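Novice: okay, sequence plus prediction incoming.
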Amino acid sequence: MTMSTSGGVDRMLSELTSRGLPRTRARLFAAEKMVLAVGDVRLILSIRDEPLSGRREALLALDTAPVVSEPALLNEVRDAVRERDEKVSTLVLRLPPEVEPTDTFVGKRATQYIVAGPDVRTVTESGEWTLRPYGPENHDAVAALLREALELGYRTTVPDVPVPDVGEFVESLLNSDGVTVFTAYHRDTFAGHATVVTDEDELTGAPQLELFDQFVLREWRGTAAGGLLASAAVGRARSAGHALRGHVVGDNPHSEAVTARLLAAGWHRAESYWAVPLSGGADA
């Protein structure tokens, strides 16, 4: 769809705002030529090199529900993305929480996001369990655990891709503005950490906080460490007046069990992201 005339731009803005996008975001997407029109479907397209693996991905949002239910439409979207950038290897489709792909859909769930609801119960420091601020004295322990978590995530979501070196990314993350790290201790022993990142919704631009990572050392799993770290993250978001997002990686019985446990604890299902190879047909 061309947007060379004011009438074309106005129609596009009207179409995007009618789908729930704030007008400022609609203008941004139109100006940056991020709108992909396939028939009556309007998709917001963002192409990037995945920061750790370097794999070129096309993130698609907005009218994604019909794409995961109509194989012919998926192939049209593949062709349209290929015309934009032939180096893209993977489509990543953002689905709203009420949408699940049909059984014929060829993609796999990469990430399920969840949002902490008002009923999520929090706990406080007690007895021998305490929270300590992140600093030079526990940097090495936090960085090592964060590296382990990221490497595990890659092995889970893209088992056919070699695990990249995540060391530089870890250091960049820990030194970034807008990142808060909580550490849990049993007496004077480090047990785990949680990393909360200031973020915004990629469609609406609404501010939010993301529980980027929470990881507890194996010997301390099943103890108070996990609840203490999660409570610190929830408390941080509530004090800032923002939603706290968490995520579960993978598409397997373990990830489904983790999601079910969180939903039972008062978290709510949010958007999910599904990875689809750019090559191949609908019956691949």
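Specialist: Nice, thanks for sending it over.
Novice: got the buried residues for the strand or helix carrying residue 24?
Specialist: Following DSSP states H and E, the helix or strand that holds residue 24 is helix 23-31. Residues 25-27, 29-30 are the ones in helix 23-31 that count as buried (16 or more other C-beta atoms under 10 Å). C-beta: built from backbone N, CA, C; applies to glycine.
Novice: run the chain-centre distance for that helix.
Specialist: Here helix 23-31 shows a centroid-to-chain-centroid distance of 22 Å under the convention C-alpha atoms, centre = their mean, to the nearest Å.
Novice: what of stretch 250-266?
Specialist: Distance of stretch 250-266 from the chain centroid (C-alpha atoms, centre = their mean) equals 15 Å.
Novice: next, the buried residues of that stretch.
Specialist: 250-251, 255, 258-259, 262.
Novice: which other residues reach it?
Specialist: 108-110, 112, 114, 116-121, 156-157, 246, 248-249, 269 (C-beta atoms under 8 Å, 6 or more residues apart in numbering).
Novice: still on that earlier bit, ok, which pair from the buried residues of stretch 250-266 is furthest apart?
Specialist: Farthest pair in the buried residues of stretch 250-266 (C-beta to C-beta) is 251 and 262. Separation: 15.9 Å.
Novice: so what's residue 268 up against?
Specialist: Residue 268 neighbours (C-beta under 8 Å, 6+ apart): 97, 114-117.
Novice: and what of residue 25?
Specialist: Contacts for residue 25 (C-beta under 8 Å, 6+ apart) come out as 16, 203-205.
Novice: mind doing that once more with 7 Å?
Specialist: Contact analysis of residue 25 by C-beta atoms under 7 Å, 6 or more residues apart in numbering lists 203-205.
Novice: can I see the domain layout of this protein?
Specialist: The chain breaks down into these domains under automatic domain parsing: 6-109, 129-265.
Novice: average pLDDT for the longest one?
Specialist: Mean per-residue pLDDT for domain 129-265: 91.
Novice: gap between the two ends of that domain?
Specialist: End-to-end distance for domain 129-265, by C-alpha to C-alpha, to the nearest Å: 22 Å.
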